[in-house]
Every structure is written in C-alpha cells, then in structure tokens.
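# Here's a sequence, model it:
(chains A and B)
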Amino acid sequence: MDIGVPETEHEIEVVPLEEPVPAPAPVEAPADEPVPA
Amino acid sequence: MTQTSTDPILGWRLWHVRLHAGEHRLESFTMHHVSWPAGARFEARCAVHRDDAPVCDHECGIYAFKTRALAEELLRRYTGVRHRYGREYQELPPVRQGRPIALGSVSLWGRILARERGYRAQYAYPYELFVIGGDEQIARELRARYVVDVSLL
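Here you go, the predicted structure:
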C-alpha cells in the first residue's frame, strides 16, 4: 500500500480509554417451546 | 515529537475475504494467509522487530489509508480496471468471481506512524465493512464474526 514517502512520517501514540474491539454478540437463547395445557 | 491521543484513528483499507475451515474471514490484502482475528485486536508483527512494529526506517506495521478514495484507488489498481471508454472509472471495479474483497474503515491505535496518505499502526480492528463481489450470506457471516456493520456494494 502506498501511504506516502517515509520522510514525511511522524509518530502518534493513541491510548484509548477502551479498546475499540466490540464485545461478542449475545447468543440468543432458543424460545421456550409452548407446553400444551 | 510524539503526538498523544485517546481517540483511535480511523483509516481505510482493503481485505481479502477468504474461507478458513469453512468460515469466511478477513485476510490481509498484501500478506498471504494472514487472517484478522475476530473479537480481538490485530497486532503488528515484524520478522525483524517482533512486537515493536511499526518501527521508523522500516516498512512494518498494519497499513491503512487516510481516505476511502485512496483505498478505492488501490482496488482499481489491483483489478487493473482504471478507465472505461477512455474515462476514469468512477464506480468500483468488478472483482473476480468467488474472490470477494472487503473495503472498510478500521480503528487504529497504539503506536502509529503517519505519512501524508496513510498510517502504519501497532493495533487495529475493523470498524465498518463493505463487501464487493460477495453475497448476503458472506455479509451475515462477517457481521456475526467481527460484530461490525457489513454492507454489500
């Protein structure tokens, strides 16, 4: 990937308060089967 | 002098979408068979500098462009479709059948080396994906696996 010439490079330190990684989606519990009366 | 921030930087990049053990996953666009993990950050590694990547005066790190247009330009170069009827191709070019590509934004953090067109980062995770040459099934799989928004282009 051509992101430009190295001579223009400068450093940034990013320390997020929380890492931008989403938590896994909750697994949906199967609906209770209707119980015949 | 190093700038510091608590806000992740949003870049743009491409991934191959490939089957691994029956599951569609994001794979590095330039490094073969380097799969991006789901639910965990992708960490830069370098054969020379190991976990210290990215390092100045080297080319290691996780790459991303500053704009979507630059990522689209790479896609046009990759497919070889840059012009149509003598004009610059405005739409995204078609990709090879059965070889979907994801264009998307990516969160970058940790140590980042910025140039005029993009970044080399220490850590990354996809933020939003647009799948080219895929179908709804692939989009659904990626959405569930990486827990990000996924659309078809």
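
# Just to check, B:F65 is in contact with B:G11?
Yes. Assessed by CB atoms under 8 Å, B:F65 is found in contact with B:G11 at 6.0 Å. Yep, even glycine has a C-beta here, placed from its N, CA and C like the rest.

# where do the contact lists of the two overlap?
Taking CB atoms under 8 Å, 6 or more residues apart in numbering or on different chains as the criterion, B:F65 and B:G11 both touch B:G118.

# For B:P93, give its distance to chain A.
17 Å (CB to the nearest CB, to the nearest Å).

# Which of the three states applies to that residue?
Taken by DSSP: H, G, I helix; E, B strand; the rest coil, the conformation at B:P93 corresponds to coil.

# what's the neighbour count on it?
17 (other CB atoms under 10 Å in any protein chain shown).

# That one is in contact with B:R76, isn't it?
Yes. Between B:P93 and B:R76 a contact is recorded at 5.6 Å, counting by CB under 8 Å.

# Among B:F65 and B:G11, which residue is more densely surrounded?
B:G11 (27 against 23).

# list the buried ones in the helix or strand hosting that one?
Assigned by DSSP states H and E, B:G11 belongs to strand B:9-20. If you call a residue buried by 16 or more other CB atoms under 10 Å in any protein chain shown, then strand B:9-20 has these buried ones: B:I9, B:G11, B:W12, B:R13, B:L14, B:W15, B:H16, B:V17.

# Can you narrow those residues down to the ones near chain A?
B:I9, B:R13 (CB under 8 Å from any CB of the partner chain).

# Save the buried residues of strand B:9-20 as a markdown table, and put in distance to B:E72 and pLDDT too.
A markdown table is the format used below for the buried residues of strand B:9-20 (distance: CB to CB, whole Å; pLDDT from 0 to 100):
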| residue | distance to B:E72 | pLDDT |
| --- | --- | --- |
| B:I9 | 19 | 98 |
| B:G11 | 14 | 98 |
| B:W12 | 8 | 98 |
| B:R13 | 11 | 97 |
| B:L14 | 9 | 97 |
| B:W15 | 14 | 97 |
| B:H16 | 16 | 95 |
| B:V17 | 17 | 96 |
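
# The buried residues of strand B:9-20 into a markdown table, with extra columns for distance to A:E18?
Below are these laid out as a markdown table (distance: CB to CB, whole Å):
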| residue | distance to A:E18 |
| --- | --- |
| B:I9 | 15 |
| B:G11 | 19 |
| B:W12 | 22 |
| B:R13 | 22 |
| B:L14 | 27 |
| B:W15 | 24 |
| B:H16 | 29 |
| B:V17 | 28 |
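
# Cheers, nothing more for now.
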